[in-house]
Every structure is written in structure tokens, then in C-alpha cells.
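Trainee: could you look at this predicted model? Sequence included:
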Amino acid sequence: MTLTFTLNGQPCATEAPDHWTVLDLLRDGLGLMGTKYGCGEGVCGTCTVLADDRPIRACLVLAAHVRDRALVTVEGLEADGQLDPIQTAFAERGAAQCGFCTPGMMLAAKALLLESPTPTAHEVREALSGNLCRCTGYAKVIEAVLAVASSPR
Amino acid sequence: MAHRVIGTSPPRADAWEKVRGRPIYAGDLALAGMLHGRIVRSPYASARILRLDTRAARALHGVAAVLTARDVPRNEQRMELPGRMAEATAGAVLATQPVLAGDRVRFQGEPVVAIAASTPEIAAAAADLVEVEYAELPGVYDPLVALAPDAPRVHDSGNLLRSWHLRAGDITQGFARADVVVEHTYRTPFVDHVYLETESGIGWIDGEGVLVLRVSTQVLEHYRDVAEVLQLPHGRVRLEGAYLGGGFGGKEDVTVECLLGLLVWKTGRPVQLVFSREESFIGHGKRHPYVMRYRTGATRDGTLVALDAELISDSGAYAALSPWVLLYSLVTSTGPYRIPNVKVDATTVYTNNPVASAYRCFGSIQTCLAYEGQMDALAEALHMDPLALREKNFLRKGDALATGQALETEPMLAETMRRAWAGLGERRPARAPARIGRAVAASFTPYGRMCWTRDSASAWVGMELDGTAVVRCAAPDVGGGQTSSLCAITAEVLGLDLDHVTAVGRDSHFTPRAGTTTATRQLLMSGNAVLNAARELRRHLVGAAAALLEAAPGDIELAGGRALVRGAPDRAIPLAVVVKAAIGEGRPVQVLEKYDAPSAPTIDPTTGQGKAFNDYTFGTHAIEVEVDAETGRTRARRLVSCFDAGRIVHRANAEGQLEGGAVQGLGYALMEEVALDNGVSKNPHLADYKIPTSLDAPEIATVLLESGNGLGPFGAKGLGEPAMTPSIAAVANAVSNALGARVTELPITAERVLAALGGTPA
């Protein structure tokens, strides 16, 4: 099938087999390797990307779903050479250890901040509860998201 | 001495790339003409392979190889560890796992056939076409049952893998002196590492005919294991370490390496092999389940006088690292306490359960559940404050462990405990049916490998003409910031800004060998190797600078990328100038150095006497939990982790170890268990094997003390494993405190809580 959609702010037209998931499309079709496979069944959240500003599990959603939508992956968080504040906060506060959950985690946080720019700590925990991290114990991840929320825009 | 870089918290060397999603993990690389690997595994825990037919699979278009045991040149994954390891396991039955099972499978998930095909879909279809006829054999799934004389044998040589014993003082006289004796049996389950990145790698053959594997591994030295399996000279296999998506000991044993090497070598083409999550669950080693019977005696004033303990661990189907894990348990079995009379017998046993091997804390965490459970039980029996009881018995400088090893520095145990407890703050009220429980668990954990392994690490540090430095050291970075620490040490010694130090490559052939990222050893080992190299390099740079500045070498300082004369800040020259001058004078600007850890003879396996480890990290967790007496649900509310780090090299990385270790332990304590039905996993999926989420993690505070007493760079100790050690004991003690009944079995599920409340066994 032919898919046209917006990928990280740019128009994208590509071919993809019908059975492909968004994760297959990104990694195997488009060579965007920042989105990770962690479980393949929508539990771990490492493949989280944004579709029209909402977080989706790229491993569960079929590629056809992205047609005419705006998809944002970790590669698209940086704009015009400027890191997104969530990226800066994760780097500066030690929220990335092994870094494997980091792309999905940042995108889940980004979705929360788009919807609710000043979340409480509990709201941050709820929003990230579908993204597993085995390294950090979540402390510095939560701290990084709250730091972005409280910083002047 | 004040440090410029050590102890600060700048973004890590890898932070900016990781937040861009750019690091190329082992499963992210693709090569032209690459094949995709797929492994056919045994669905049975114990069976004979009667017939194996691969003809249909091989006939499928796009299939390049369908390999069985007959295709493996030396079908044995023997881990050849240097040092006097063979001496220490003399008499043990060390059953090594084949790369591909021949006529017998001993655990569910054991690899039987390896396939390479042009697409993942074709590889999967070929796997379905492989015909394997199994005849199930009687298996054994409980280590206690496995020790019975008539139990089914996992290996012809028997089910007993290894025993170690610890003897100190006189146990009979010890208990005769005791006014109070408490006895409990503690049980822990199989648990999984659940790193987010499954086992993965890619391999190819380069222009010199060298087999190159780029793999997610904690142990680059596995190139030797691959070479042995393929019967190649060791130099013909090269292992390139990618950044790991987590390891925690699960990528310490061989995972994809031999299977991948075999597929590449047999096909002559690049092959990628990435385990699915289910494969990861059934395919890699687990943490050993333990049964620990502890009997502890104390006098009325709370002085510990005797310990009698029996530890039995389930090694699963093969030996892997079980004897060594068990040895850590033996050495730590007393806890960080003075106990004059000790008798501990530790045994590890083969079963048809999943293979158990390395997992963060490596045998030191199960014993902590037991020794710290005993301390709270004793405090209750003696009507003493649990903290006061501990403080009375804590090891101090000069005291000896039950192994006879005297502590050469002050362990600061009481301070870590007091600071952790104070950090909990005021007890917060709970509304019925919620009950609040609070407790501490103190701990000690070795950092660095066993003394008799003669552990060594090498590193190279060199200057570029622009005055910046490069570090080359084959230390895999599992995510703990290993690379970042090496940069910080170099920057500190050479007076460079951190972003003027680059650490490149983790490669068995192109970077000096630094050994494994395991055993909480990299800061100690590669850290000291880099420190030695950087100091030697500094000596040469200072010599060149002294000549240029017409000053005595002793008056030269390196700071801010310049060499300057102490007390005369205007007499300074950029390091770039110094480097060029040094080269002009024929001075070395590249240095290769090594660090050798202190060595000691093998301990006595019948008494445990001797020096097993060079040093230990000490620390305490204090935790407050809330237990719902109606639902049985336990929530961790606040956790304080206090450790003596020796010296903090990178503050955020050190805190990150403490925080991550605590939450990983929380999962082990409350929710995690590989559920087995006669050796067959019932929950090889993340939907069924739950690990803590952001909603389960408590509020965490970390307190890092700096005694400066460690053997690592600048007096640092190791934190990676120690950070997790007290976690499960603290949770179990806090839940026991909330319930008014001792909880001795993990995980502490709602069912177990309700059973403890109702007095019926779960």
C-alpha cells in the first residue's frame, strides 16, 4: 500500500506491506532506528511515538493507521538544530541511563506536556506508567519532566 | 585534595546522543545482503530428541542455513575464565550447555536449531517447517527433590553441582550461650532481568577473514567462547561492544554470540539475530531461587553468638555461574555482623528449570533477605529496637568476617543506617484498612571479582595535537555511565574540560582489554587502569611543560586545558603547545597502562576460610510501606537509600544506581516471579511478568557518604550491585512490621499478605 503522512514535520510518501506495523514502517521501511522494539505486544512502551500529538504503541498499530496523520518520533523532537526542552532535561538530569526506553519515555512525556503543560508529580507518574524503565527507578525521569513543566516557556 | 571534575554531575558523555535516539544498539545495524537469524527451541523441560528433520525448512526459498548440533564444530559453551578458577571448583560437576541440543533437552527454551533466512518472515516460516520429535523424560523441578537418591538425573554425573561450607568458632558452644534463638526459612523465586533491550547482535566476516560480532554484551571476552565453538584461533573472532540497553548480569553469560557466530560462519553472510521478548524470557539465565534455613542465637543483651544456616540454590539445567553465585552467598551469609560461631552449608543443584546464573547482586541479595529478616525477628524476641540490635553487632574496622578476613577500613554501617532511617521522616498516618510498616535493612556486597582470579584491566590514554585527550578501554557500557566515568577520571588528571575527553570503542581487538562489566568491577578495574594511564601521561606532559616554562616539574599544574606554573598564573601555555613540544622531544603522548587487583589464594571450600574478595560496599535501605489489610496490596511509600560510595565520581550516575537498584529490588520483593509449571514458563511476556512502573516506584531519597576508603580511583567503591542488595529485605521487614507477622517468602503478593494476616499458608 502507499502511505502519505507527515513525518517529523515533513511530508512523507512511502510504500509498505499491509501487515507492517508502525514500528516495522519506521525501522525497516524508513530507517529511523530511534524507535525501539522492547516486547512487541504493547506493554513496555519503548516504541511509543506520537500520532497527531497522541502517544501510540508503534508495535501494535498497523502502518495504515498513520495515513494522513502527523507522526513524531524521537528523531523529530529536535527542531532547527534546537533540542526539545524534554531532551535537554533528560540529558542534564541523568534521566537516560542505558537509553533504550528514553525515546519512548520522552515522547510519552511530550504528549502529556502538550495536553497539560503544568502536570502534578502524580499526573507525570500516571502518564509515564505505560513506559517501563529498568535502570533509573523513574526518579530522575519524573524529575526531568517536572523540570520542563515548571520552566519558563 | 579538591577535585575539579570528580564528584560533579555534568551530562554524561553519552547523554546527548541518547536523548536524540542516535546510539546504534546491537539490533539497530543493518548490512547489505544481511540474513535474519531465528532459533528453534525446545518446548519441553526434559525430553529426548528422537528425530530431527530439517529438509522442508532447508527447501524453503530464501533459507540460507538450517543448522543442528551436528553442524557445531565444538558443541559446548565452556566459559574459560582466567585465574585459578579450576582449582576452586575441583570436584564439582560443571555441566556446560551445548550451543544446540543434540539428543537431549534439559530445559524449556533450550536451542535446538539455528536458522538464517533472507527475511524474518521466511526465517519464521522455516522454523515452523522444522520437524522435531521429542519423547518427554521424567524431570526434576525442585532442588530439594533433586537431591534425593532416586530423583531423575539432569546430568549423568548427578544433580549435585557444588557445595561450599563456612566454619568459624564452635556452633554448639555458641548456641549454648544463647538466651534467644530464632529460626526461619526464607524462600526466593526465579526472577528475570527484564532489560528493555532483548539479546541482540549482528555479525559478518571482514576482509581478513575475521568473524566480527557486534553484540549487546557485558563481556567482550566471549569472542574466545565463539572461537572455541567454531574451532578457530582466538584472534579470528572479534567482538565489538555496542551500548547496551541494560544488562544487570543477564548479558554476562553468552546469549546470542555463539548462535550468531555459527550462522555467520556457516553462511558466509552478515546475519542479524534479535531475540523476541518471549525468547528472552525463556532463553537467558535467571536469578537463582534460594531456600535458606536460618537459625540465629543471641544473648539477652543482644550480642549475636551463633548462626547455623543451610542455603540451597536452584541452578537449573546447566552450571553457568552457579558455583560462584553460591560462593557470594556463602561469604555474605552472616550479614555485616560479628558472629563468633558460624556453620553454613551452601549447595547448588541441577534441575530441569531455566538455567540460573548472574543477576545484579550475584547471590548477595538472597542472603540479605535472610540475615536481615533474622535481625528483626531477634529484635522482636529480645524486645529490642531493631536499629540498636544492629548497631551493637555491626562489623567495625579490624573485625573479621566469618571467613577470617579482617576489615581494613571502617565500614560506616551505623552511619548509613541512621541516615537512612532519619531520612524517612515522620511516620505518616494511615486510615484503616491500610497499615503502615517501616523497617531498615543493612547490607554488604563485594565489589570487584574474587581475589584468586587475579583480575586485571588495561587502558590507553593519548593526547591529540589540539590538546584534547582520547581514552581507549574495552569496558562495555551497560548504561551505568561506565564510559562517562573513564572520561571524568582522565579530565581530572589532565586538567581538561570534560568535553575535551573522548572515550572511543569497546572492542575486543582494537581497545585494550579491560575485562567484564560485571561484579561491580569496572570503576575499580578500568577506572584504576585509566587513572594509571592518565597519571603516566600527565608525567610526560608536565615534563615537556616544565622545559617550555622554565620551571620545576613539581611546580607545573594542568588546568583548563593549559599547563601553568603554580603561583604564577600568567606563565601558562595551552596543552596543544605542550603536546607538540613533547612529540618534538621524543616524549610519549600515548600511554598504555594496567591495573592489577590485589590477589589472594583460593579460599578453603570446606571451611570458607580465606580472603574471597578485596573489599565490600556497605549501605542501608529504610522504607515505609502501606499494606491494605483487606486487599492484601502493598505499596512502597517512601524509600531512603544510604551508601558509603567511597568517593563519588559522578553524582547523578551514583544516585541513579541507588534509585534504579532500589526499584528493581522492589519488583523482586513485591511482584516478580517466573511462574513455572514443571519447568515450563507460564508468564514469558511482560503482560504477565510485571515489573515496577512509575506508579509503583516510591518517593526515593538517596544519601551518599564519602569515606574515601575504596580501592577504586580517588578512594571510590562500587555501587552497581550493592545499590540493590538491601532492597528485598527492607521491604519484607517493613511488611512484617505492618502485619505483626514475619513474611519470609517472595514475592510478597496480596495472597501471601492475606495468608499472613489470616494465619493460613499461601
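Mentor: Received the coordinates, thanks.

Trainee: quick one: least confident helix or strand in chain B?
Mentor: In chain B, no helix or strand scores lower on mean pLDDT, DSSP states H and E than helix B:85-88, which sits at a mean of 67.

Trainee: check which element follows it along the chain.
Mentor: Under the assignment DSSP states H and E, the closest C-terminal helix or strand after helix B:85-88 is strand B:104-105.

Trainee: so what does that next one touch, helix or strand wise?
Mentor: Under the contact criterion of 3 or more Cβ pairs under 8 Å, 6 or more residues apart in numbering or on different chains; DSSP states H and E, strand B:104-105 touches strand B:47-53. The C-beta positions use only the backbone N, C-alpha and C, and glycine is treated the same way.

Trainee: redo that, cut-off 10 Å
Mentor: Secondary-structure packing of strand B:104-105 (3 or more Cβ pairs under 10 Å, 6 or more residues apart in numbering or on different chains; DSSP states H and E): strand B:47-53, strand B:131-136.

Trainee: give me the contact list for that strand.
Mentor: The contact list for strand B:104-105 (Cβ atoms under 10 Å, 6 or more residues apart in numbering or on different chains) reads B:41-49, B:98, B:110-112, B:132, B:134, B:136-137, B:154-155, B:317, B:352.

Trainee: now with 6 Å?
Mentor: Under the contact criterion Cβ atoms under 6 Å, 6 or more residues apart in numbering or on different chains, strand B:104-105 has outside partners B:42, B:47-48.

Trainee: also stretch B:570-590?
Mentor: Here stretch B:570-590 has contacts from B:462-463, B:465-467, B:540-541, B:544-545, B:548-549, B:561-565, using Cβ under 6 Å, 6+ apart.

Trainee: try 8 Å
Mentor: For stretch B:570-590, contacts defined as Cβ atoms under 8 Å, 6 or more residues apart in numbering or on different chains pick out B:460-467, B:494-496, B:537, B:540-541, B:543-545, B:547-549, B:551, B:558, B:561-565.

Trainee: spatially central residue in the chain, please.
Mentor: Reading this off chain A. A:L107 (2.9 Å; Cα atoms, centre = their mean).

Trainee: right idea, wrong chain: chain B
Mentor: Nearest to chain B centroid, counting by Cα atoms, centre = their mean: B:R360, 3.4 Å.

Trainee: now that residue: closest residue in space, sequence neighbours ignored.
Mentor: Of all residues not flanking B:R360 in the chain, B:F248 sits nearest, at 4.5 Å (Cβ to Cβ, 6 or more residues apart in numbering or on different chains).

Trainee: three-state assignment of the residue of the stretch 451-600 of chain B found nearest chain A?
Mentor: Here the residue of the stretch 451-600 of chain B nearest chain A is B:G479; by Cβ to the nearest Cβ that distance is 2.7 Å. Judged by DSSP: H, G, I helix; E, B strand; the rest coil, the three-state class of B:G479 is coil.

Trainee: ok, now A:A64?
Mentor: Classification of A:A64 by three-state DSSP places it in helix.

Trainee: you'd agree it is up against A:H19?
Mentor: No - using Cβ atoms under 8 Å, A:A64 is not in contact with A:H19; the gap is 10.0 Å.
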